[in-house]
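*Asks:* sequence first, predicted coordinates after that:
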Amino acid sequence: MPTAAAFLNHADPLTREVARAYAQGAFLMDNGDGLQFYTVDTRALVPLTEADGLHVPRRLRRDLKRFEPRLNTAFAEVVEGCRGHLPGSPPRDGEWISDELADLYRHLHATGLAHSFEVWRGGELAGGVLGIVLGGVFFAESKFHRVTNASKAALVLLAAHLHTRGFALLDAQIQNDHIATLGVYEVGPEEYAAKLGAALELDVRL
């Protein structure tokens, strides 16, 4: 896939606008006031390895063997799962992926900026992570599950995949109790900006 510079200077204006905003630490949401870029005071980062602090509970470690990771084989379904619209996925408590944002994600997938990391079980899509990729950063926009532990499994397997590919950051954006159990930690704006800047310089492939 192209480097960060290719997206920051992309011929498509929407792709270019989104890439430049993410490179500055912003992210997309629609909280009912229309599609906007947001920033937060602290950023939630997922450790890529257990040595770096990733926590894999015993039951989840057993479950990992039951899932098959795939990349970009069911992007549209992952978007719908993250919206709570895919059969078998729990409804969301407040839907921030509006129709407009879902359309934008599909457009960004076509230009190569947005991706889906999926976990499958028994030939069925069990869960996944929706993300934006720039340089050595995977910005995890949202995740979902249709099977118990599938969203956590997707995040852990994604971290391992990114580590083997040479990525530096798996950015979960906003901390919550669900991902905190995996060792996800928060950093302040200065530390985040430094980590983000260094990761954007990496020439890696998803």
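*Replies:* Sure thing, it's come through.
*Asks:* do you have the strands of this structure handy? List them.
*Replies:* Secondary structure of the chain, counting by DSSP state E: strands at 27-30, 35-38, 43-45, 68-71, 114-121, 124-134, 137-145, 169-173, 185-187.
*Asks:* mind checking which of these is nearest residue 2?
*Replies:* strand 124-134 (9.8 Å; Cβ to Cβ). Every residue, glycine included, has its C-beta placed from N, CA and C.
*Asks:* direction included, what does the closest one pair up with?
*Replies:* strand 114-121 (antiparallel), strand 137-145 (antiparallel) (DSSP bridges).
*Asks:* make TSV from these and add mean neighbour count, mean pLDDT and distance to residue 2 to it.
*Replies:* Formatted as TSV, these follow (neighbours: other Cβ atoms under 10 Å; pLDDT from 0 to 100; distance: least, Cβ to Cβ, whole Å):
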stretch	mean neighbour count	mean pLDDT	distance to residue 2
strand 114-121	24	98	13
strand 137-145	24	95	14
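*Asks:* I'd like those strands as TSV, with distance to residue 158 appended.
*Replies:* Below are those laid out as TSV (distance: least, Cβ to Cβ, whole Å):
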stretch	distance to residue 158
strand 114-121	5
strand 137-145	7
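*Asks:* so which of these is nearest residue 47?
*Replies:* strand 137-145 (13.1 Å).
*Asks:* now that closest one against strand 169-173, angle please.
*Replies:* 50 degrees (axes from the mean of the first three to the mean of the last three Cα atoms, to 10 degrees).
*Asks:* what about strand 137-145, distance to the chain center?
*Replies:* Chain-centre distance of strand 137-145: 2 Å, with Cα atoms, centre = their mean, to the nearest Å.
*Asks:* now swap in stretch 148-156 and tell me
*Replies:* With Cα atoms, centre = their mean, you get 12 Å for stretch 148-156.
*Asks:* and the average pLDDT for the top helix by length along the chain is what?
*Replies:* Longest helix in the chain by number of residues (criterion: DSSP state H): helix 150-165. Taken as a whole, helix 150-165 has a mean pLDDT of 97.
*Asks:* buried ones in that helix?
*Replies:* For helix 150-165, the neighbour count (16 or more other Cβ atoms under 10 Å) marks 150-163 as buried.
*Asks:* helix or strand with the lowest mean pLDDT in the chain?
*Replies:* Least confident helix or strand, the chain: helix 177-180 with a mean of 85, by mean pLDDT, DSSP states H and E.
*Asks:* and which of the buried residues of helix 150-165 is nearest residue 99?
*Replies:* The closest of the buried residues of helix 150-165, once distances to residue 99 are taken by Cβ to Cβ, is residue 151, at 22.8 Å.
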